[in-house]
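>>> Quick check, what structure comes out for this input:
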Amino acid sequence: MNIATLSIEPETAAWLAEFAAMPPRENQTIQDLRDAYKADLVRSSAPAHPGVAWKPLSIQGEAGRIDARLYVPLNADHGGPLLLYVHGGGFAVGDLESHDGLARLIAAASGLKVMTLDYRRAPEAPYPAARDDVLAAFRWVVANAAQLDIDPARIVVGGESAGAAHAVASALALRGESVAPRAVWIISPALDATTSGETYRTFATGAGRTAAEFAYLWSLYVPDSTMHTDPGVSPGFADPVGLPPLYIYTSEFDPARSDGEAFAEKARAAGVPVTLRRRNGLVHQHPEITGVSAASRQAVEDAAKELAADLLAAPTETPDIILTPDDLAFQPFNIPGFSGDTRAAFPNMDTTRAPFIALLKMAPGATLKRHFHPRAMEAVYVMEGTLMNDGQSLPAGSFLVHGPGVWHGPHVAPEGGCTLMFIQYPGVGPDDSVFVD
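Alright, predicted model coming up:
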């Protein structure tokens, strides 16, 4: 089909004209395919959002360590939801760097923490390696919810294209576990390795990713074509009973459009709550071209906001934390950066429920070196005595407030000592400090 006969939105059409001039993906080596895909995606993605920070993570998978990233928007809820986002790339390409811009965009638009992972790729690691890495990542997130400052009951799995296939396959495998995904959030999903849906014929060519490319990339992930109807391989063939709510966003001009829409219809018939939206005028790769197509960027942001609205509206039944003075035991507090006699009590260290809170009794002469917190906003309240902060005297009743990355201190307790309350949000605790040499 000729691109001129399709009502593709103008900025996407201009990008498609350049994309069509590239060498056929089926004729490239895997490394050339990966390099070209990353370069195009980095060039075509929206600029990195300044309101989103990230940190590297390392997860233990069945076959070894899995590199991952946690993206944290500055307005993320304490103990809030997390989106475990599985990048696309036709099962064989894509990585943490290629999807950095998209992950930041989703985090900024939704206000949710977003985690991405460097799962194993085909053809070196065929089915079910990628799905198993996603399962390992989900279970690791559940086990480390407190450290990540997230609510384990509100973890969503999601992704685009092939990543959507891995997300749905993982959600299917996690049915019945004590903690399962709260929802599945997928964009331009490719869920059928047989590529037999109607739109694989309607948009076989002329709309970016071709039907032949889908078939080729599926063959890298699952070389044995007799397995292509296996529900573990092709989630579109699975029984969706027991899945959590589905958020499915298809693209009008996409060979794989029928994958997502047929699965949505099947899931609804099985009693699964489904939100299905078709992005008119857009193509399969629209999540990957948010820097060159304003309509594509708006589509991703709207989908992210829709997910967040549902997740953040969820009420909580977590009881209050109530402590009396008898519950607070001050113990010697010795961590790098402190000198002198300091004792600490911790009204709250469970950062899935409330901000990190510490009470510090600093004896005369006790000092905390100048430092900053890479991730946390912090408030320091002088409860008793006087605190010297970088030479300035702060009497009882004073507040010292600073955001992530802001140098402060040194904190010195003069004659008489002082008692301080530290409150950090998101809760990261005393280990999240960088001290001046």
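
>>> Let me see the contact set for Ser398.
By CB atoms under 8 Å, 6 or more residues apart in numbering, Ser398 lies in contact with Tyr381, Val382, Leu387. Yep, even glycine has a C-beta here, placed from its N, CA and C like the rest.

>>> what's the spacing between the last one and Ala193?
Spatial separation of Leu387 from Ala193 under the definition CB to CB, to the nearest Å is 64 Å.

>>> same check, this time on the first one
Counting by CB to CB, the gap between Tyr381 and Ala193 amounts to 59 Å.

>>> between those two, which one's more packed in?
The residue with more neighbours, out of Tyr381 and Ala193, is Ala193; 27 against 18, by other CB atoms under 10 Å.

>>> and the gap between the more buried one and Leu96?
Applying CB to CB to Ala193 and Leu96 gives a distance of 25 Å.

>>> Report the backbone C-alpha coordinates of the helix or strand encompassing Gly101 in CSV.
Using DSSP states H and E, Gly101 sits in helix 100-110. Presented in CSV, the C-alpha positions along helix 100-110 are these (Å, rounded to 0.1, in the frame of the first residue of the first chain):
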residue,chain,number,x,y,z
ASP,A,100,15.6,6.1,27.8
GLY,A,101,13.6,9.1,26.3
LEU,A,102,10.4,7.1,26.2
ALA,A,103,10.7,5.9,29.8
ARG,A,104,11.3,9.5,30.9
LEU,A,105,8.3,10.7,28.9
ILE,A,106,6.0,8.1,30.5
ALA,A,107,7.3,8.8,34.0
ALA,A,108,6.9,12.6,33.6
ALA,A,109,3.4,12.4,32.0
SER,A,110,2.1,9.9,34.6
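
>>> Pull the residues that contact it.
Identification of contacts with helix 100-110 by CB under 8 Å, 6+ apart yields 41-42, 45-49, 51-52, 54, 69, 71-73, 76, 83, 85, 87, 112-114, 116, 160, 287-288, 290-291, 297, 300-301, 304-305, 307-308.

>>> Give me the buried positions along the helix or strand where Glu18 lies.
Glu18 belongs to helix 10-20 when elements are defined using DSSP H and E. Buried residues in helix 10-20, defined by neighbour count with 16 or more other CB atoms under 10 Å: Glu11, Thr12, Ala13, Trp15, Leu16, Phe19.

>>> My guess is Leu276 contacts Phe263. True?
No. Using CB atoms under 8 Å, Leu276 makes no contact with Phe263, being 9.3 Å away.

>>> Quick one: distance of stretch 179-186 to the chain centre.
Centre-to-centre, stretch 179-186 and its host chain are 13 Å apart (CA atoms, centre = their mean, to the nearest Å).

>>> Give me the mean pLDDT for that stretch.
The average pLDDT within stretch 179-186 is 97.

>>> start to end distance for it?
One end of stretch 179-186 to the other measures 20 Å (CA to CA, to the nearest Å).

>>> related to what we said a few turns ago, can you tell me which of the contacts of helix 100-110 end up in helices?
Leu41, Val42, Arg297, Val300, Glu301, Ala304, Lys305, Leu307, Ala308 (DSSP state H).

>>> So the fifth one versus Ser188, what's the distance?
Translated: Glu301. Glu301 is 15 Å from Ser188, where distance means CB to CB.

>>> More neighbours: which of the two?
Using other CB under 10 Å as the criterion, Glu301 and Ser188 rank with Ser188 on top: 30 against 17.

>>> Check the chain for its longest strand and report it.
Taking DSSP state E as the criterion, the chain has its longest strand at strand 377-389.

>>> Arg278 - nearest residue in space that isn't next to it in sequence?
Thr250 (5.0 Å; CB to CB, 6 or more residues apart in numbering).

>>> So, low pLDDT: which residues of the stretch 251-400 of the chain?
Along the stretch 251-400 of the chain, the parts satisfying pLDDT under 70 run over 314-318, 352-353, 375.

>>> In it, mark out all the strands, start to finish.
Listed in chain order, the strands of the stretch 251-400 of the chain (DSSP state E, counting those that start in this stretch) span 274-283, 331-332, 338-339, 342-348, 356-362, 367-368, 371-372, 377-389, 392-395, 399-402.
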